[in-house]
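>>> build the 3D model from these lines:
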Amino acid sequence: MQEWIIAMLVISVLLVLRDMAKVFFRGRSFLKAEQPAEEKNPQKEKVERYAASFRKLADSFYGLPYRKDYLSNGQVDGIIRETCDEICSHCYQREICWGTQSQEMYRGSERMIRSMEEGNQEKIQETKSDWMSVCSRFSQYYETLGNSYMRERQKLIWDNRMIESRLAVAQQLQEMSRIMDMVAEDLYDISIADPQLMTELQKILRKRHIVVKQVWVMDKVEGRREIFLTMRARSGQCISVNEVAQLLSQEFGTPMAAAGGRRIVNGEYHTVHFVEDVSYQVLYGVAKLTKEMEKVSGDNYICRQEEAGRFVMCLSDGMGSGVEACRESEEVVELLEQFLESGFTQETAAKMVNSALVMKGQEGIFSTVDICAVDLYTGICNFLKAGASATFIKRDHWVEAISSESLAAGLIQQVDFETSSRKLYHGDYLIMMTDGVLDALPAMREEETMKEIIMDIHEETPKEMSRGILERVLGYSDYCARDDMTVLVAGMWKK
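Model prediction:
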C-alpha cells in the first residue's frame, strides 16, 4: 500500500514537472504572443485535466464502503451457524434446541456475541447463567462461539485498516489535485508585461547597469503583484538583488522583495522572482532541556519562512525519551516540513504524517504534532494540534491559552486534529512547549501557572524569554528535568 501511494505521488510530480518544462523551455514563445481573452492556455487545460482525473480517482475511493465498528447481521449469523455445525451436529438434544426452541437459541447466541462485542462482562455472565441450565454442552459451545467471534472480529479490524488506508490515499489524491490546480493557476496565468511598463523598468534598471531582457507579471487573487525579471548586469558588475527590489518598490509604490535563493545579478541572464513584501517579521528563540539520565532529547522542532509569506513552526514530542523518541519526532517534523513546503495544507500534511506512522505498524509508537502557521501579510495564525500541549499568546498585559484534547499522531488512522485561528498584532508573542514543561507545574493548575509565569517574564527577545520561562518552570521541580523540556517562542513585529 505504501509503495502504491509513493508511486502515485511520483507520477503526479512527474506530470507537473513535464508541463512546467514545456512552458519554460519550449513554450516560452507562446507567452510572447498575444492571446485572446476568451482563449485558454492549452497547457493549462491539460494540467487541469490531470487534476480532474485525480479528483475523480479520489471520489471513487470515497464511494467505497466505510469502516464498521460492529459485526453485520450476516457475520453474526455465520458465526452461529459455524458454531452449531461444529458443536450441535452430534448432540442428542439438537432436535429440541434447534427445532422447537430454535428462535430462543438464536437470540441467545446473538445476545452473547453482541455482549462480547461491547465488552460487557456483566451481560456475558448473565447470558452464560441462562444457558448453563438448558445446554449440556454449554462450555464447548461458548468456547467455539468465542473463537469464531474473535476470528470475525480480527477480520473486521483488518478490513477497517484497509478502508482507512484507502481513505488516506483518497485524501492524498485529492490534495494532489488541489496542488496541480494551484500550479496551473500560478504557472499559466503569468502574462507578459505591457510595453509601457517594460520600457519604464528597462530605463530605471539601465541606470544601475542592469539589462532587462523580459518582464512577466502575475496578479494574484489576493491582490498581490508578482514580477519576473529576466536580466543581467553589464560590464562585469555584480548588483544586489535587494537593490533591484528597492527600485521596484519605488516604481510600484509597494514594498517588493526577492523570492528564492538568488542574491546577486551577474553577467549571465537569470530570471528572478519578486513579490510584494510581507507586513510582519518574526524572530524566534528556543530553550531545551534533556531528561535526567538521558543524552538525547525526544523533542524536535522546525521554524521556517516560506516563499508564500507564511512563517511555520512545528514542534513534536516523541513517545518517552531518548534516541527512539528523538528518531520518531524527528521523522514527524521532517515529513511535515516537506509536505508543507510542497504546498499541502496543514491538516492534510498532518494526516499524511499520521498515516505514515500508523502504517509502520509498530505498536505504541506515536508523536505529538503541534503546528503554528502565521500569514505574514495579514497576521492570521492557524493552529493545528494532535496530542500537543497548550500554546500561549502573550499580548500586552494578558495571556491566552490554546489547548487541545486530541490524540497524538500514530495511534489511530482517523485522528481528529484540533484546529483554530487567531489574529496576531505587532508585539505579540507565540509560546509553544512540550508536555514535559507543563507537567512540571502544579497539577490541575498547569495552564494558569504558566500564564502567571509568562506574565512575569519581562525579557523582550524570544531567546531570553524562552530561557526565562524554562528557568522558572524548573523552580517548581527542584531543578530536576523529569521529562524532555522544550520552549519555543516567536515574536511578531511590523516591518
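>>> average pLDDT for stretch 196-215?
Per-residue pLDDT over stretch 196-215 has a mean of 91.
>>> which positions within it qualify as buried?
Buried residues in stretch 196-215, counted by 16 or more other C-beta atoms under 10 Å: 198, 201-202, 204-205, 210, 212, 214-215. C-beta coordinates here come from the backbone N, C-alpha and C atoms, glycine included.
>>> Throw those residues into TSV and include secondary structure, thanks.
TSV is the format used below for the buried residues of stretch 196-215 (DSSP: H, G, I helix; E, B strand; the rest coil):
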residue	secondary structure
198	helix
201	helix
202	helix
204	helix
205	helix
210	strand
212	strand
214	strand
215	strand
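>>> mind checking pLDDT for residue 438?
Confidence score, pLDDT, at residue 438: 92.
>>> surely it meets residue 390?
Yes: counting by C-beta atoms under 8 Å, residue 438 touches residue 390, with 6.9 Å between them.
>>> residues that sit against both of the two, list them.
Common contacts of residue 438 and residue 390 (C-beta atoms under 8 Å, 6 or more residues apart in numbering): 447, 450.
>>> follow-up on the earlier one: looking at the buried residues of stretch 196-215, which two lie furthest apart in space?
Greatest spacing in these, by C-beta to C-beta: 204 and 214 (15.5 Å).
>>> thought residue 466 was touching residue 485?
No: at 10.5 Å, residue 466 does not count as touching residue 485 under the criterion of C-beta under 8 Å.
>>> okay, now the nearest residue to residue 142 once chain neighbours are set aside: neighbour count?
Excluding its sequence neighbours, the residue lying closest to residue 142 (C-beta to C-beta, 6 or more residues apart in numbering) is residue 128, at 6.8 Å. Residue 128 is flanked by 14 other residues according to other C-beta atoms under 10 Å.
>>> check contacts around residue 128.
Neighbours of residue 128 in contact, by C-beta under 8 Å, 6+ apart: 112, 138, 142.
>>> so which of those are in strands?
Using DSSP state E to define strands, no part of the contacts of residue 128 is located there.
>>> what's the closest of those to residue 429?
Nearest to residue 429 among the contacts of residue 128, with distances taken as C-beta to C-beta, is residue 112, at 59.1 Å.
>>> name the nearest residue to the closest one, sequence neighbours excluded.
residue 127 (4.8 Å).
>>> between residue 438 and residue 390, which has more neighbouring residues?
residue 390 (21 against 17).
>>> isn't that one right next to residue 399, touching?
No: look at residue 390 against residue 399 with C-beta under 8 Å: they stay out of range, at 10.5 Å.
>>> in the stretch 151-300 of the chain, where is pLDDT below threshold?
Within the stretch 151-300 of the chain, the segments meeting pLDDT under 70 span 185-189, 219-223, 261.
>>> those helices in it, which residues are they?
195-206, 241-252 (DSSP state H, counting those that start in this stretch).
>>> could you dump those to TSV with distance to residue 371?
Listed next are the helices of the stretch 151-300 of the chain as TSV, based on distance: least, C-beta to C-beta, whole Å:
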stretch	distance to residue 371
helix 195-206	39
helix 241-252	30
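>>> out of these, nearest to residue 69?
Across these, closest to residue 69 is helix 241-252 (C-beta to C-beta), at 57.2 Å.
>>> which strands and helices lie in contact with that closest one?
helix 195-206, strand 225-233, strand 256-259, strand 264-265, strand 270-276 (3 or more C-beta pairs under 8 Å, 6 or more residues apart in numbering; DSSP states H and E).
>>> re earlier: I'd say the residue nearest to residue 112 and residue 108 touch.
Yes: the pair residue 127 and residue 108 passes the contact test of C-beta under 8 Å, sitting 6.6 Å apart.
>>> just give me the neighbour total for residue 183.
Around residue 183 there are 19 other residues, counting by other C-beta under 10 Å.
>>> before we move on, back to that, of the helices and strands packed on helix 241-252, which is nearest residue 80?
strand 256-259 (66.8 Å).
>>> and residue 68, how many residues sit next to it?
Residues near residue 68, counting by other C-beta under 10 Å: 12.
>>> and if you look at residue 385?
As a burial measure, residue 385 scores 26 neighbours (other C-beta under 10 Å).
>>> got a pLDDT number for the residue nearest to it when sequence neighbours are not counted?
In this structure, residue 385 finds its nearest non-sequential neighbour in residue 404, 3.5 Å apart by C-beta to C-beta, 6+ apart. Predicted confidence (pLDDT) for residue 404: 78.
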